[in-house]
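Engineer: from the sequence below, what's the structure:
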Amino acid sequence: MAQQEAMSLMEFVERYDTEEKCREYLYGLRWPEGFVYRRLPKEGFLREAEVL
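Structural biologist: Sure thing, here's the model as predicted:
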């Protein structure tokens, strides 16, 4: 796993000022190659944002 960049709270708030930006960042950390639904081996099957 890649090393995360250290930042202050203010830097975090400025960089991820919307819920969407924060979600995309966390999604990329968790699934850098995209989400693969284990029962249907199809890359990028469903993203949380597409379900909502």
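Engineer: sketch out the low-pLDDT regions of the chain for me.
Structural biologist: Within the chain, the ranges that satisfy pLDDT under 70 run 1-3, 37-52.
Engineer: longest helix anywhere in this structure?
Structural biologist: For the chain, the longest helix by residue count, based on DSSP state H, is helix 19-30.
Engineer: by contact count, what packs against that one?
Structural biologist: Here helix 19-30 touches helix 48-51, going by 3 or more Cβ pairs under 8 Å, 6 or more residues apart in numbering; DSSP states H and E. Bear in mind the C-beta positions are built from the backbone N, C-alpha and C, glycine included.
Engineer: could you export the longest helix of the chain as PDB, CA atoms only?
Structural biologist: Presented in PDB, the C-alpha positions along helix 19-30 are these (Å, rounded to 0.1, in the frame of the first residue of the first chain):
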ATOM      1  CA  GLU A  19     -18.200  14.800   0.500                       C
ATOM      2  CA  GLU A  20     -17.800  13.700  -3.100                       C
ATOM      3  CA  LYS A  21     -14.100  14.600  -3.100                       C
ATOM      4  CA  CYS A  22     -13.500  12.800   0.100                       C
ATOM      5  CA  ARG A  23     -15.400   9.700  -1.000                       C
ATOM      6  CA  GLU A  24     -13.500   9.500  -4.300                       C
ATOM      7  CA  TYR A  25     -10.100   9.800  -2.400                       C
ATOM      8  CA  LEU A  26     -11.100   7.100   0.100                       C
ATOM      9  CA  TYR A  27     -12.500   4.900  -2.700                       C
ATOM     10  CA  GLY A  28      -9.100   5.200  -4.500                       C
ATOM     11  CA  LEU A  29      -7.200   4.200  -1.400                       C
ATOM     12  CA  ARG A  30      -9.400   1.200  -0.800                       C
END
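Engineer: same question for it: list its buried residues.
Structural biologist: Buried residues in helix 19-30, counting neighbours by 16 or more other Cβ atoms under 10 Å, are absent.
Engineer: begin at 36, not 1, for the rest of this chat.
Structural biologist: Will do, 36 is the new start, and the previous item becomes helix 54-65.
Engineer: now residue 47. Its backbone dihedrals?
Structural biologist: phi -60, psi -50 (degrees, to the nearest 10).
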